[in-house]
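In: Here's my sequence, what's the structure:
(one chain, ligands or ions: 1)
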Amino acid sequence: MNLEAEIRSFQPDDQADVIALWDIVFPEGAAWNRAEDVIARKRTVQPDLFYVAVRQDRVVGTIIAGFDGVRGWIHRLAVHPQVRRQGLASRLMRHAERDLKEIGCPKVNLQVRASNLDVLAFYRALGYDVEDRASLGKPLN
Ligand SMILES: CC(C)(COP(=O)(O)OP(=O)(O)OC[C@H]1O[C@@H](n2cnc3c(N)ncnc32)[C@H](O)[C@@H]1OP(=O)(O)O)[C@@H](O)C(=O)NCCC(=O)NCCS
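Out: I've put the predicted structure just below:
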């Protein structure tokens, strides 16, 4: 049996699986991060850049990418705890990077929460550097 996950763009039928995965991986979320809303909005903007990793008919990973014309951004990189440390997140990142590059994106940014700094080792292994910037944000109510 081939246990290698397939990476493809999100399809509407994946919604329940993706929400279940995000419930496990991103348990506490701000109002603007409500899974149903994130999915609904992404389906209206560059929907092909929302990828799922599927293994044995089950969504075990996600990544959302976007290119705003200046930078590419990565969000919602998630791998199910049962299939971590098998290279799946690295594959998801490379997949997103490849497609961003293909549409002319020159540089990818992403944010890591201060509570999740362990993950920096993962991004460094993929060639990402921590840059000397302050991260600012403002909810648009
Ligand atoms: C971070 C995450 C996506 C990594 O997924 P993964 O599929 O296990 O990652 P990979 O197998 O591709 O890891 C590749 C390498 O990155 C490093 N790495 C991965 N996870 C790591 C961790 N938690 N701590 C330190 N290094 C890590 C290792 O060097 C690993 O290689 P190794 O297994 O040979 O040692 C996964 O742990 C996850 O979903 N975490 C919770 C959500 C999250 O933090 N997302 C990122 C938000 S910014």
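
In: Briefly note if the helix ranked longest in the chain comes near the ligand.
Out: As assigned by DSSP state H, the longest helix anywhere in the chain is helix 88-102. Yes - Helix 88-102 lies within reach of the ligand by CB under 6 Å from any ligand atom, at 88, 89, 90. Heads up, the C-betas are built off the backbone N, CA and C, glycines and all.

In: and the residue positioned nearest the centre of the chain, helix, strand or coil?
Out: Geometric centre of the chain, nearest residue: residue 63, 2.3 Å, by CA atoms, centre = their mean. Recorded secondary structure, residue 63: strand (DSSP: H, G, I helix; E, B strand; the rest coil).

In: Now it: closest residue in space that isn't a chain neighbour?
Out: Closest residue to residue 63 apart from its sequence neighbours, by CB to CB, 6 or more residues apart in numbering: residue 92 at 4.3 Å.

In: could you measure that neighbour against residue 122, distance?
Out: Distance, residue 92 to residue 122, by CB to CB, to the nearest Å: 11 Å.

In: Off-centre distance for the longest helix of the chain?
Out: 10 Å (CA atoms, centre = their mean, to the nearest Å).

In: Of the residues of helix 88-102 next to the ligand, just say which sits nearest to residue 29.
Out: Taking CB to CB as the measure, residue 29 sits nearest to residue 89 out of the residues of helix 88-102 next to the ligand, at 19.5 Å.

In: I'd like the residues of helix 88-102 next to the ligand written out as JSON lines, with neighbour count and pLDDT added.
Out: JSON lines is the format used below for the residues of helix 88-102 next to the ligand (neighbours: other CB atoms under 10 Å; pLDDT from 0 to 100):
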{"residue": "88", "neighbour count": "19", "pLDDT": "98"}
{"residue": "89", "neighbour count": "22", "pLDDT": "98"}
{"residue": "90", "neighbour count": "13", "pLDDT": "98"}
